[in-house]
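K.L.:
give me coordinates for this.
(4 chains)
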There are 4 protein chains.
Amino acid sequence: MPEHTLKFPELAPSGHHKMNWVTGHMPILGQIRRRYEKDKPLLGQRIAISLHLEAKTAVLAELLHIGGADVAITSSNPLTAQDDVAAALSERGVQVHAFRGASDQEFDQLHQRVLDIEPTLIIDDGGELTERLHGSRSALAAQVLGGAEETTTGVLRLKALARQGRLTYPMILVNDADMKHLFDNRYGTGQSTWDGIIRSTNLVVAGKTVVVAGYGWCGRGVADRARGLGARVIVTEVNPVRANEALMDGHQVMTMEQAALLGDYFITVTGNTGVVRQEHFNAMKDGAILANAGHFDVEVDVRALKQLAVATRPGRSSEVTGYEMPDGRVLWLLAEGRLVNLAAGDGHPAEIMDLTFALQALSLEDLLEHPREAGVYPVSPAVDAWVASIRLQSLGITIDELTPEQTAYLGQS
Amino acid sequence: MPEHTLKFPELAPSGHHKMNWVTGHMPILGQIRRRYEKDKPLLGQRIAISLHLEAKTAVLAELLHIGGADVAITSSNPLTAQDDVAAALSERGVQVHAFRGASDQEFDQLHQRVLDIEPTLIIDDGGELTERLHGSRSALAAQVLGGAEETTTGVLRLKALARQGRLTYPMILVNDADMKHLFDNRYGTGQSTWDGIIRSTNLVVAGKTVVVAGYGWCGRGVADRARGLGARVIVTEVNPVRANEALMDGHQVMTMEQAALLGDYFITVTGNTGVVRQEHFNAMKDGAILANAGHFDVEVDVRALKQLAVATRPGRSSEVTGYEMPDGRVLWLLAEGRLVNLAAGDGHPAEIMDLTFALQALSLEDLLEHPREAGVYPVSPAVDAWVASIRLQSLGITIDELTPEQTAYLGQS
Amino acid sequence: MPEHTLKFPELAPSGHHKMNWVTGHMPILGQIRRRYEKDKPLLGQRIAISLHLEAKTAVLAELLHIGGADVAITSSNPLTAQDDVAAALSERGVQVHAFRGASDQEFDQLHQRVLDIEPTLIIDDGGELTERLHGSRSALAAQVLGGAEETTTGVLRLKALARQGRLTYPMILVNDADMKHLFDNRYGTGQSTWDGIIRSTNLVVAGKTVVVAGYGWCGRGVADRARGLGARVIVTEVNPVRANEALMDGHQVMTMEQAALLGDYFITVTGNTGVVRQEHFNAMKDGAILANAGHFDVEVDVRALKQLAVATRPGRSSEVTGYEMPDGRVLWLLAEGRLVNLAAGDGHPAEIMDLTFALQALSLEDLLEHPREAGVYPVSPAVDAWVASIRLQSLGITIDELTPEQTAYLGQS
Amino acid sequence: MPEHTLKFPELAPSGHHKMNWVTGHMPILGQIRRRYEKDKPLLGQRIAISLHLEAKTAVLAELLHIGGADVAITSSNPLTAQDDVAAALSERGVQVHAFRGASDQEFDQLHQRVLDIEPTLIIDDGGELTERLHGSRSALAAQVLGGAEETTTGVLRLKALARQGRLTYPMILVNDADMKHLFDNRYGTGQSTWDGIIRSTNLVVAGKTVVVAGYGWCGRGVADRARGLGARVIVTEVNPVRANEALMDGHQVMTMEQAALLGDYFITVTGNTGVVRQEHFNAMKDGAILANAGHFDVEVDVRALKQLAVATRPGRSSEVTGYEMPDGRVLWLLAEGRLVNLAAGDGHPAEIMDLTFALQALSLEDLLEHPREAGVYPVSPAVDAWVASIRLQSLGITIDELTPEQTAYLGQS
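P.N.:
Residues are numbered from 1 along each chain as shown, chains lettered A, B, ... in the order given. As a prediction, this is how the structure comes out:
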C-alpha cells in the first residue's frame, strides 16, 4: 500500500508556502511544538484525522507528528481538500490520503486508508471516523484510547451513540470549550462576516441600518462589528433575556416584521430555520441586502425568495444575486444564503484556528494522561485555561497570580 | 403589641414622595401590581421581610401587600433604614418595624417583631431571618413555605445550612438569576461606579488611563463605561480566559505591577482581597485615584496605604482622601475603599432594582405554585424569562416568537 | 483705600483647600508657573480681571501674580463669587474685591476698585471691564496694552465696538482657540452634561433612547457619551451636512417632531431658541426627561411647558420638576431648563479650565511680545500649539517632530 | 472622425452590468438625473471630461448627457480605463475616447479627441485638460465657461497657474467641499483601508495593537474603524492639537520610535514622506504588518526596507511581501506601500463617489448660473448643503428647518 494518496504531488511548493504563512500566525501551536520537539509526548501513538484539509489543519497534523505520533489524515469533505497542501504535508512526515473532488466511493476509501494506521487516537469532524469505527472497522475500536470532535453535527452523533450505550471510547467535545466558542464565534464570526459582506458589495456600512437576527455569541460579534463600522443595529430575538441584553448594549430590539421595513442589511445568526421569510421579503426596502452567518443555509428562506422573484439580476460579483420582486424592488442575496464568511470571504483567521487546534492537541494529551471510560466529555477546564495562558504568553502578556492570602480569602467565602 | 415600630411617623410625606418617584420608574413591579390588584395571588400568606429599608424596598413590600399578603418588614442594616420611608410605608398597610441607628439589641428586637407575623414566606438579605428561624424562633419554621435570599453572603449561609441538613424550608437564590446578575452587575455597577467617581472628583475621564482589576460581569461594565467616557482601559486578571476576553474586547492586559506605573484611575472589582497593595502604591503616579467597586472594602489594601502615608490631605469632598507618600506623591482614595457607587453615589437605579425585586416577588409566587422540599434553588428559568418579557413589554417592545416550523427544526437537532 | 474688599476673610482656610485641590489638576498652569517663578515675564504689568471668582479662576490670578504682575480681581457675576476662595486669594498676593451677593451698585463699585489698579492688561468675561474702560473709566484706556475675553457674549460686544471704530486696545478672543472649543465643548460638555443628568435622576441610561438636538461640537460630545453609556442616540439638526455626519457616526437622524415620540431623554445643545416646544411636549412619552446643555435657558420652551401643565410634581431632587400634562403624562424638566451641567452638576473639570486659562495667560504674554493695533484677534496658532504641547508634556507624552526631509517634502507640494 | 475610440466595443454588456450595479447605489446622482431628464439644465453645453474611466465615472458622464450636454470623456490614467465600461458608455450617448494601456502618445491623442468637442465646461483630474487648454489647444480656452477639478495635484497646478495670472477660466476645487473631505476621507478611507488589510492578511484585528500615523480626517477614520474591530489604537502625530484630540478620543499617543516596539499593524495616513523608516523597522516586532493609506507610496520608506532586508518572503497573497531582517524578524508590507485600499481592495464605494460626483455636476450648474472671473473657487456652500440635503432625502430622512422665531433669534446674536 502506498504511503500517500495524492493527486498532484508536484504542487507541494505552493502548499509549503501556505503552511509557512499560517505557521507564523499560529503561535500557540508554535509553543506546543517547541515542547513536542523536546518531550515527544505522543510517542507510540497512532492518530487518524478527518478534517477539512487546508493549511491550518495541515499545521495541526504536522504538530502531532512532531509530538512523536504516527499520523494519517484525510479530508472531512471532498470539496475542501487542497491538493497543494496535501502534497506539502506528505513531504513533512504525515501520511496523507486526500484529493479534491473525490467521489463518494473514493471518499470512503480515503477514510479507510487513514484508519489502516490502526489509530490509538482520533480527531474527527462530523463523525466520519467514528461512524466507520462503529461500523465497518469496529474491529479497530478496541485500540482507540479516545479522540476529539470538532463540530456540532459530530457531537450530536456522538451523544446519540452514547445514549444508546454504543460508544466504545471517550470523545472530547472541543466545540464547547470557552477558548473555542467565546473566540471563534464572537470575534471570528464577527470580523469574517463583515469581511465577506464588504468584499462582495463594496458598499459603505456607516450610516446604514443593520438587522441582526439572533443575539447569541455569533450575533453579538456581528452586531458589535456593525456598530464598529458606523451602522445602527437592530436585533431580533426569540429569547427575552437576550433581547434585554441587546437593548442594554445600545441596540434596538423589535420583531423581524417591524425590522423588515427598516433594514439595509439583514444578517441571520440564529441556528434556526426560516428566520427571514416571505412576509419579510414583501416588506423590505428596495436594495436590501440579505446574508446568512449561521451554520446552515436555511436561515434565509431562499426557496421562498426564488418563488417570489419575477427575475434575477446579476450583482457586483458572482456572490451577489438580485431577486426582483413583482413590485420592482430588488433584494440582493449574498452567497445564495450559505455562510457568508466562508462563501464570500476566507473563513476564520489562522489565529482563531490556533486556539481550536491547540484545544484538539491538548485534549489528546489529556486523554493519555487521564484515561477515562467511553462517553462524551467536555474539554478539561485546565486545558481551556492552559490554551488561554499560552496565548497570552505568545503575545508577551503576563497576568497576575493569586497570592497565598488571596487564595485563602477565596477559600473562606 | 403596637402594629408599627417607628421613630419619626411625622416624616411620612417625604417618604411618600420618595416612593412615588421610584414607583414611576419600576414598570415591572407596576405590571405585577396590576395583576395583583385583580388576582390577589398572595391572599392568606404572611410575609416577613428583612431588606435595606429605603424607597425601592418599600415599593416591593407594598406590592406584596397589594397581592393579598400580610407583610411585615424591618431593615437588614440599622444604618440603611430611612425613617421617612418607614413612616410612609406604615401608612400603606404594611407592618413596619424599623428605624435608623438601632442598637444591636434593638436590631434583634425589630427582627423579632417582624417574625411575630408568623410568616409563611420570607424575603431575606444576609440571612437575618433565617438565622432566627433556625435558632430562637425555630418554632415558627414549620409554617414557612419558603423564601428568597438577596445576597451572596446569605446564599453562603444557606448553603452551609443545607449541607449540614439543617435547612428546614426551600430558599430561592435570587442573586444567580440572569436578569439579576447580567443587569445589576454589568449595567448597574458600570454606570453607578463612574457616577460615584466623577461626582467625587470632577475630573475628566477622556484621555486618562483606567486600570480595572477583574473582568467578571462587574469589571466588564466598569471597563465598558470607561471606554465610553473616552478612557484607555487596562485590565488585570488572574483568570487567563477572562484575560483573553478583555484583550479581544480591545483593552490592554497586564499585571497590576505593570499597570501600577500607568494608571490614572484604579478600580477594583474582583471579589478578592489585597488586589491593590503596598508594592503597587509605591509604583503609582502622583495623583492616582483609587476606588473599589467590589462588595467588600478589602480590595484596596487601605491599611497598608495608611501605614505608608506620612500625612493625609483633604480632597475635593469628604469622599476623597489624599494619602501622601514619603516621596511626596499623593494617592487619592475614594470613599475609604468602600463600594464607591454606594458610598459616593446613589447606588443602583430604580430600574435595576425593578428587575431584582420582580424576581423576588415572582419567586415567592413560584414557591406557592410549585411547593418543594427544603433546600436551595435557583430562580426558575421561567421566572427569569417572565421578568425579561415583562420588562420588554413595559418598554413597548415586542420580540419574535418561534414558528411551529422553527420549534420543530430545533427539536430535530 | 483698603487693599481688599472681602466679606468673610476668616473663610480663607477653606479657600486654600479648594485652590490646592484644583492646583493639583491644572498641570499646564503648573508648567507655566515654574517658568513664571524663574522668568517673571509679567514684571511691571498691572492686570485687572473680571471672571467668575472660584477656585480655578483664583489659580489663574495667582499665576499671573507669580509671573511678576500686580493683579486685581473681581467676580463677573455677583452670584458666582465664592467668599472663601476670595479670602484665600487675598492672602496669596492678589488684590481681591469680591463678595457673594453684591447689589448692582456694589457690583459696579467692585469693578471700579479693580480698575483702580490702572491696568496695562485685562482679562474680561462678558465685557464688564471693557464697558467701563470705554465709559466711566475711559481715561485709563490709553494705558491698556490689550486683553483677553472669555465668552461669546463679550466677543459680540467687542466686535460691535470694533465695527464702530471705538475699540481702543487689542483684545484676543480665547473662545475660538482650538484648545478651547475642541476640548471644552466636546469633552467637557459631553461628560458634565451626563454627570448632571445622572446625578439628578439616578436612572439607567443603557437601553434608553436619547434625543440630542444639535450636532455641533457640544452635541457630538453629548451624543458620544450617550452611546458610551449604552443608549441609542437620535440626532436632530437644521444643518444637512451635520445631519449627514451624525448619520455616518451611527446615530439616527430625524425631525424633532418624529423624535418627540421616541425619546426617553431630550438634550438641547443648539445655541438656538424654542428647539423643544409645545407641539413636541404634546407628543412625548410619559416620563420623558428634558435637559438643556446649551448656553441659554431658551432651548427648551419652559414657558410653554408651564402653560400646558395642569400641575407640577416634585421630582427626585430639587433639580427635577415634573410637569403634568392634561392627559396625565408627566414630563420631567431638569434644572428648569438652565445649563444642566452647571445647574445640576459641577461644571467643567479643572483640567478643562486648565486649557482655557493657559490660553488666557499665554495670550497676555503674546500681546506683550507682539504688540498690535486696537481690534479683535484670534488666539495665535502658536499659542494654541504651545498649550497643546505643554498639555502633552504634562502628561509625559512625546510626539514626533518633522524631519528636515519631511519639512522639505511638505514645502514642495 | 469616428465618434468613439474604443478597443473592445463587444465588451459593452459587461460594462452595462457594472454601470447598472453602481447606478443603483448612487441615489444622489439618481435624484439629479430625474431633474435633468425633465429640465435639461445643461442643454447647449459641451463638456470634456478626463477622469479614471470606470463604472462610477461613467454614470457621471451619462448623467451630464441626460442633463442636455454633449459629453466627451477619456481616462485620466491609461491604466485605469476599463474597456467594457468605455464600450457601454459609448452606447449611452457619450463620446468615449479611451482604452486600457494607451501609450503616452495615444494618451495625448485621446485627450485631443475629447477636446475636439470644443468644450464650454470641463471636469478634470490632475489637470490634463487644463494643461492642454493652456498649451496646444489654447485656442479653445476662450469658449470655456469654467470647470471642476477632482484632485489635490490638479488643484496645485491650478493655483500655480492662477498665481501667474495665466488661468483663463474659473475652476471649482471639489476636493475641499465638506461633503467630499468629511465623507470620502473619514468614512470612505476608514472602511476601505481595513477592507484591503483584512482581505490581504486574513488575520484577526481584535486584540491587536494598531499604530496609525497621522490624525487628520483619514487617520481618524482608520483609527475609529480599528477600534470598532476590537483593536487598541496608538496614534502618532506631529501636530500637538491633533495629538490631544487623539488622546481625548481614547487612543494612546506617542512617538513612532516608541510605537515601533508595540505595533502589530502600522498604517500611515499623513500626506508626508518617510513616516515609517529604517530606525523604526529595526525596532519592530517580528511579524509586524505595514500598510499605507495616504496618497503617495512614500509614507513607508520602502527603499530603506528593501535595503535592510536580507531576503523576501512570499506572503498570503501577491499583495503581501515579507521582508526578512538580518536578525530573522519578518516585516510584512502590503501592496508595496501603495494605497492599500485601492491596491489591495476596491477603493471607495459607489455611495461615497455619489457625493463627490454630485458635487461635480452641481458645481458645473453653479458655474452656469453664477458666471465668474478666471480663478480658483471653493465649492459653493449652497451646493455642499444641497448635496447633503439630497443625500438625506434619498435615504428618506427629513430634518428640521429653522422656525421664523429661530431665524430671528440667531440674527440678533
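
K.L.:
confidence score at residue A:412?
P.N.:
The model reports residue A:412 with a pLDDT of 61.

K.L.:
output the host helix or strand of residue A:86 as PDB, restricted to C-alpha atoms.
P.N.:
Element membership for residue A:86 (DSSP states H and E) is helix A:83-90. What follows is helix A:83-90 as a C-alpha-only set of coordinates in PDB (Å, rounded to 0.1, in the frame of the first residue of the first chain):
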ATOM      1  CA  ASP A  83      -4.100  19.300  -3.300                       C
ATOM      2  CA  ASP A  84      -1.100  21.500  -2.800                       C
ATOM      3  CA  VAL A  85      -1.300  21.400   0.900                       C
ATOM      4  CA  ALA A  86      -1.900  17.700   0.900                       C
ATOM      5  CA  ALA A  87       1.300  17.300  -1.200                       C
ATOM      6  CA  ALA A  88       3.300  19.500   1.100                       C
ATOM      7  CA  LEU A  89       2.100  17.800   4.200                       C
ATOM      8  CA  SER A  90       3.000  14.400   2.800                       C
END
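
K.L.:
run through who's touching the next helix or strand after it.
P.N.:
Using DSSP H and E, the helix or strand that follows helix A:83-90 towards the C-terminus is strand A:95-96. Strand A:95-96 has contacts (CB atoms under 8 Å, 6 or more residues apart in numbering or on different chains) with A:3-6, A:53, A:70-74, A:86-87, A:89-90, A:113-114, A:117. Any C-beta I mention is one placed from the backbone N, CA and C, and that applies to glycine too.

K.L.:
for chain B, give me its nearest residue in the stretch 1-150 of chain A.
P.N.:
Nearest to chain B, among the residues of the stretch 1-150 of chain A, is residue A:28, at 11.0 Å (CB to the nearest CB).

K.L.:
give me the neighbour count for the nearest residue to residue A:70 once chain neighbours are set aside.
P.N.:
Nearest residue to residue A:70, sequence neighbours excluded (CB to CB, 6 or more residues apart in numbering or on different chains): residue A:46, at 4.7 Å. Residue A:46 is flanked by 19 other residues according to other CB atoms under 10 Å in any protein chain shown.

K.L.:
mind listing what residue A:46 touches?
P.N.:
Counted by CB under 8 Å, 6+ apart, residue A:46 has contacts A:69, A:70, A:71, A:72, A:117, A:118, A:119, A:120, A:121.

K.L.:
how near is it to residue A:170?
P.N.:
Residue A:46 is 17 Å from residue A:170, where distance means CB to CB, to the nearest Å.

K.L.:
still on that earlier bit, near chain D, anything from the helix holding residue A:86?
P.N.:
No. Counting by CB under 8 Å from any CB of the partner chain, chain D is not contacted by helix A:83-90; separation bottoms out at 13.2 Å.

K.L.:
quick revisit: I'd assumed residue A:358 was in contact with the residue of the stretch 1-150 of chain A closest to chain B.
P.N.:
Yes. Residue A:28 lies in contact with residue A:358 (CB atoms under 8 Å); the separation is 4.3 Å.

K.L.:
mind listing the shared neighbours of these two?
P.N.:
Going by CB under 8 Å, 6+ apart, residues that sit against residue A:28 and also against residue A:358 are A:387, A:390.

K.L.:
and residue A:71, that's in a strand?
P.N.:
Yes. Membership of residue A:71 in a strand is supported by DSSP: H, G, I helix; E, B strand; the rest coil.

K.L.:
in the stretch 51-200 of chain A, which spans are helices?
P.N.:
Under the criterion DSSP state H, counting those that start in this stretch, helices of the stretch 51-200 of chain A are mapped to A:55-66, A:83-90, A:104-115, A:128-133, A:152-163, A:178-180, A:190-201.

K.L.:
of the ones you listed, which is nearest residue B:11?
P.N.:
Among these, the nearest to residue B:11 by CB to CB is helix A:178-180 (51.9 Å).

K.L.:
same for the closest one, what does it pack against?
P.N.:
helix A:350-369, helix A:381-394, helix B:240-248 (3 or more CB pairs under 8 Å, 6 or more residues apart in numbering or on different chains; DSSP states H and E).
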